[in-house]
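Visitor: return a 3D structure for these sequence lines:
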Amino acid sequence: MGAGSARRGDSLSGSVHSLAKGGQFMVPLGLPYCGRMTLMAPRLPLPERFWRHVVCDIETHCWIWTGSKESKGYGQFRLTHKPLSHIQAHRFAYQDLIGPIPTETLDHFCENKLCVNVLDQEHIQPASNRDNILRSGRAGLLAARSHCEKGHEFNEQNSRYTTEGGRRRRRCLICRRERYHASRKS
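Guide: This next block holds a predicted model:
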């Protein structure tokens with residue numbers, strides 16, 4: 001085998017190699033020859049790649065994530081090219097600027113799912129799951145209720161949690177009994 005040729009599976013001994021068609025390409029020393037090489041720009045460090053996708057909204061002071069979004073509307077940042085190697089953008093920003101996240105969730109006080117401004121307490125704060133749910137719209141109002149629609153108090157004796165349609169709901173057992181007896185009479 002000549003100095004300018006390489007076979008599939010062989011390790012390259014130099015940085016410039018001839019192809020069968022006579023062209024040349026640059027490859028780092030020591031990489032195996034794969035038959036086809038594409039030139040890629042060197043990868044930027046993660047924080048640099050991340051902050052390239054953030055712009056500041058002057059009116060709201062939100063730092064808006066302009067990269068990809070996940071299905072629930074939150075910003076999504078891909079860590080590597082491997083599948084399932086992404087993280088929510090606001091979680092990456094928190095870990096990059098502040099450190100480990102002390103609770104299970106980060107609450108968007110500004111109500112903007114694309115905001116990654118973790119340095120301002122009016123935008124994103126660590127919170128428990130329950131606090132996050134209680135602050136959110138309709139779900140928070142339902143979770144904070146202490147009585148059912150007919151005024152019966154929710155307590156351990158007359159309420160149960162059920163799962164219907166993939167959601168966990170609190171049901172009043174007094175109302176359930178009343179509905180059951182009404183259906184038996186008719």
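Visitor: got any ranges where this structure has weak pLDDT?
Guide: Scanning the chain for pLDDT under 70 picks out 1-42, 137-144, 167, 186.
Visitor: centroid residue for this structure?
Guide: Gln88 (2.7 Å; C-alpha atoms, centre = their mean).
Visitor: now that residue: closest residue in space that isn't a chain neighbour?
Guide: Nearest non-adjacent residue to Gln88, counting by C-beta to C-beta, 6 or more residues apart in numbering: Tyr74, 5.0 Å away. Where you see a C-beta, it was placed from the backbone N, CA and C, and this is true even at glycine.
Visitor: got the CA coordinates for the lengthiest helix in the chain in PDB?
Guide: The longest helix of the chain (DSSP state H) is helix 173-185. Below are the C-alpha coordinates for helix 173-185, written out as PDB (Å, rounded to 0.1, in the frame of the first residue of the first chain):
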ATOM      1  CA  LEU A 173     -67.700  11.000  47.500                       C
ATOM      2  CA  ILE A 174     -70.900  12.700  48.800                       C
ATOM      3  CA  CYS A 175     -71.800  14.000  45.300                       C
ATOM      4  CA  ARG A 176     -70.900  10.600  43.900                       C
ATOM      5  CA  ARG A 177     -73.300   8.800  46.300                       C
ATOM      6  CA  GLU A 178     -76.000  11.400  45.400                       C
ATOM      7  CA  ARG A 179     -75.600  10.800  41.700                       C
ATOM      8  CA  TYR A 180     -75.600   7.000  42.200                       C
ATOM      9  CA  HIS A 181     -78.900   7.100  44.200                       C
ATOM     10  CA  ALA A 182     -80.500   9.500  41.700                       C
ATOM     11  CA  SER A 183     -79.700   7.100  38.900                       C
ATOM     12  CA  ARG A 184     -81.100   4.100  40.800                       C
ATOM     13  CA  LYS A 185     -84.400   5.900  41.300                       C
END
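Visitor: run the chain-centre distance for that helix.
Guide: 43 Å (C-alpha atoms, centre = their mean, to the nearest Å).
Visitor: who touches that helix?
Guide: Residues outside helix 173-185 that contact it (C-beta atoms under 8 Å, 6 or more residues apart in numbering): 148-150, 152, 157-160.
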